[in-house]
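Participant: sequence and computational prediction follow.
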Amino acid sequence: MLSLFTVRNFKSIVDLAVDFNYAEGKAPNGYKEMETMPFLSINLKKKFVPCLAIYGSNASGKTNILNAVANLQKVIREGITGCFSPNKLHTEFTDTYFSIIFFINKTPYEYIVQYNDIEIVNESLSRKNEFIFKIDKGKLNFYGKLTKTYDLEKLRDIFTVECHDAEKKQKFTFLNKIANNYAGLNKHISQVFNYLVNDIEIYPVTPSNHIPIGYGMEKLISTGKVTEINEAFEKIVSMIQKLDIDISRMSFERLPIDNINFYLNELKDNNVNIVKEGKNFFVDNTYSYHKNPEGKEIKFKFSEESDGTQKLAGILGIFLSVLYKGGVLFIDELEQSLHPLLLKELIRLFKHKKYNANNAQLIFTAHNTDILDNELLRVSEIGIVNKSLKHGTIIRRVAEFEGVRNCSDFRKQYLNGEFSGIPFPYI
């Protein structure tokens, strides 16, 4: 579970902290009997939000919060090349800084990386507030268990050879090199790498705003809790039918591709999912069935369904996969093409004990305010983003505003400008 994400000097962000801790003090009365969870917990001293809805006016920097998480992942996976995007209006910082505090099972970790366009300046990983490793201005200190084969001198050689370029500048994270090339050296490093790169998923707005249903099916299989593609398909279809979509049934087939170039062109413009297995390529064909006035089923290509139905089908596979593995899901503009009632039900998956048994979290940006007026989200789960020339992008959760309670009309207060984070247009 995410606890705190801190960013300095990235795009519109000058210095920002996104808090995922439950901010209401005591647990509400009768919370154990509630179907909708007010918080996720390791114990009653460590409570976290299952959802965080991020609101704000256009160009306030909402998306840059998600971009910051994606950028951190890219730095970890690929190194810093092309990842330095500083705030151009504030020159007091020369480096970009990321800190992320999270829990794996019941254990707290913090990973920090600080870099500029030339090199990584600092990098560290700590567990229970004790360093596993720390790199400061090119010097590595390792505090984990060492062996005769991998003593400190050997690790420093690995660090120098594998993390640096020809000019002796650190370009790649030590976290990556150890987790991927020396996985047996320290289990905590491997766990942290897997969590930060694989268990945190980020979905930006795409031109079509579609995620193919086949992609969601593959994500379900990757959890290990769904074993076959047809089983994954049935789980998604079952959920679609629960959401009262006007489809009598659906069918799916995965066919080999003879002309891959044709389908790659199709993929650019349509909701097509292509899968590579070994040297062979396959295309997913999905069909939906509707009954005509005489009660006869009529077959449609799923791409003929509405944008909202197509998006819903793709996103359900991703939602379910994250819920199964207890991961973290970031989505930009979640409400696009979705009816407000469907949007509420999607969010409710992360709030419901039946579906969210593994402490998964959903963080999303939105403009749709309908979800603010039905007691779905609590004061800890709504963040308001503003931007100023002096402070750049900042975020405050509703819990930080004086006098706001969970019984308040968040939607009315937000649209009245009481939390700011809205435009004031005048034509």
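Facilitator: Perfect, thanks for sending it.

Participant: how about stretch 196-208: buried residues?
Facilitator: Using 16 or more other CB atoms under 10 Å as the burial criterion, the residues of stretch 196-208 that qualify are 196, 197, 199, 200, 201, 202, 203. Placement of C-beta: from N, CA and C, glycine included.

Participant: cool, and stretch 322-341?
Facilitator: For stretch 322-341, the neighbour count (16+ other CB under 10 Å) marks 322-338 as buried.

Participant: still on that earlier bit, mind putting the buried residues of stretch 196-208 in TSV, pLDDT, distance to residue 257 and secondary structure included?
Facilitator: Output for these, formatted as TSV (pLDDT from 0 to 100; distance: CB to CB, whole Å; DSSP: H, G, I helix; E, B strand; the rest coil):
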residue	pLDDT	distance to residue 257	secondary structure
196	98	34	helix
197	97	29	helix
199	97	31	helix
200	98	32	strand
201	97	27	strand
202	96	29	strand
203	93	26	strand
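
Participant: A helix includes residue 70, no?
Facilitator: Yes - counting by DSSP: H, G, I helix; E, B strand; the rest coil, residue 70 is located in a helix.

Participant: identify the residue nearest it in space, chain neighbours excluded?
Facilitator: Nearest non-adjacent residue to residue 70, counting by CB to CB, 6 or more residues apart in numbering: residue 202, 4.7 Å away.

Participant: now do the contacts for the one you found.
Facilitator: Counting by CB atoms under 8 Å, 6 or more residues apart in numbering, residue 202 touches 66, 69, 70, 73, 330, 331.

Participant: would you list the phi and psi of the fourth one?
Facilitator: Comment: the main-chain dihedrals of residue 73 come out as phi -60, psi -40, following degrees, to the nearest 10.

Participant: from residue 217, how far out is the nearest residue to it once chain neighbours are set aside?
Facilitator: Closest residue in space to residue 73, ignoring its immediate chain neighbours: residue 197 at 5.9 Å, by CB to CB, 6+ apart. For residue 197, the distance to residue 217 (CB to CB, to the nearest Å) stands at 22 Å.

Participant: SS state for the closest residue in space to residue 287 that isn't next to it in sequence?
Facilitator: With CB to CB, 6+ apart as the measure, residue 251 is the residue that lies nearest to residue 287, at 4.8 Å, once sequence neighbours are left out. Here residue 251 is recorded as strand under three-state DSSP.

Participant: what residues are up against residue 251?
Facilitator: Residue 251 makes contact with 286, 287, 289, according to CB under 8 Å, 6+ apart.

Participant: look up phi and psi at the first one.
Facilitator: Recorded main-chain torsions at residue 286 are phi -120, psi 140, according to degrees, to the nearest 10.

Participant: and it, how many neighbours does it have?
Facilitator: Per other CB atoms under 10 Å, the neighbour tally for residue 286 reads 26.

Participant: assign a three-state SS to the nearest residue to residue 419 once chain neighbours are set aside, would you?
Facilitator: Leaving aside its chain neighbours, residue 419 sits nearest to residue 384 (4.5 Å; criterion: CB to CB, 6+ apart). Following three-state DSSP, the label given to residue 384 is strand.

Participant: so how far is residue 399 from residue 384?
Facilitator: The gap separating residue 384 from residue 399 is 11 Å, by CB to CB.

Participant: and for residue 20?
Facilitator: 12 Å.

Participant: the more surrounded of those two?
Facilitator: Counted by other CB under 10 Å, residue 20 and residue 399 do not tie: residue 20 has more neighbours, with 25 against 21.

Participant: which residues are in contact with that one?
Facilitator: The contact partners of residue 20, taken as CB under 8 Å, 6+ apart, are 1, 2, 3, 4, 5, 48, 49, 52, 361, 363.

Participant: 7 Å instead, please
Facilitator: 2, 3, 4, 48, 49, 52, 361 (CB atoms under 7 Å, 6 or more residues apart in numbering).
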